[in-house]
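I would like the atomic coordinates for the input below:
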Amino acid sequence: MPEKIKLLYLCTGNSCRSQMAEGWTRVLKGSEIEVYSAGLETHGLNPNAVKVMAEAGVDITGQKSQHLDDFMDLDLDYVVTVCDHAHETCPLFPGNAKEVHRSFDDPPKLSPPDAPEEVKLNGFRRVRDEIKAFVQTLPGSLNG
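Numbering: from 1, shown residues only. Modelled structure (predicted):
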């Protein structure tokens, strides 16, 4: 059996997008991809990300917000930046990790802070579904 691809999703705070991507990858591509997620900072799991992933049948409550530094010694194959800020500031990783950029909107910024809860959740749902569609293309889309 071939060795799994080691992939790290990188975002600014490792609270929404990278966490959803890790969850989807674990569920949809776990037999092919060993997946991790991290942030340039750690903001904890966003409760709305947890909620909309649970609606889709994916439990991410066991994941934790981790800092990029925790992965600098890991021999990664790919680092997928899921926001522009992470892409612009992504450090060079040791080894042969290939950086792939696929930006997704930041769910908390899709609605005003005083918006009704359902409006906020709809933004999270849209991004959740966009991330799922991306994950379904893996690993092929990593090479081009």
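
now residue 63: phi and psi?
phi -80, psi 160 (degrees, to the nearest 10).

model confidence for it, exactly?
On pLDDT, residue 63 comes in at 97.

ok, residue 40 touching residue 66?
No. Judged on C-beta atoms under 8 Å, residue 40 makes no contact with residue 66 at a distance of 11.2 Å. To be clear about C-beta, it is placed using only N, CA and C from the backbone, and glycine gets the same treatment.

does the nearest residue to residue 51 once chain neighbours are set aside lie in a helix or a strand, and which?
Nearest residue to residue 51, sequence neighbours excluded (C-beta to C-beta, 6 or more residues apart in numbering): residue 121, at 6.8 Å. In the assignment (DSSP states H and E), residue 121 maps to helix 117-136.

same question for that helix: list its buried residues.
By neighbour count with 16 or more other C-beta atoms under 10 Å, helix 117-136 contains the buried residues 120, 121, 122, 123, 124, 125, 127, 128, 131, 132, 134, 135.

I'd like the distance between the first one and residue 131.
Same thing as residue 120. 17 Å (C-beta to C-beta, to the nearest Å).

with residue 21 instead?
Residue 21 is 5 Å from residue 131, by C-beta to C-beta.

related to what we said a few turns ago, for the helix holding residue 121, enumerate the helices and strands it packs against.
Secondary-structure packing of helix 117-136 (3 or more C-beta pairs under 8 Å, 6 or more residues apart in numbering; DSSP states H and E): helix 17-29, helix 47-55.

and the angle for the last one with helix 117-136?
Calculated by axes from the mean of the first three to the mean of the last three C-alpha atoms, to 10 degrees, helix 47-55 forms an angle of 60 degrees with helix 117-136.

where does this protein have low pLDDT?
1, 91, 94, 144 (pLDDT under 70).

middle-most residue in it, spatially?
residue 18 (1.9 Å; C-alpha atoms, centre = their mean).

show the end-to-end separation of stretch 77-93, please.
10 Å (C-alpha to C-alpha, to the nearest Å).

what sits up against the helix holding residue 121?
Under the criterion C-beta atoms under 8 Å, 6 or more residues apart in numbering, residues 16-17, 20-21, 24-25, 28-29, 48-49, 51-53, 55-56, 82, 102, 104-105, 107-108, 110-111, 141 lie in contact with helix 117-136.
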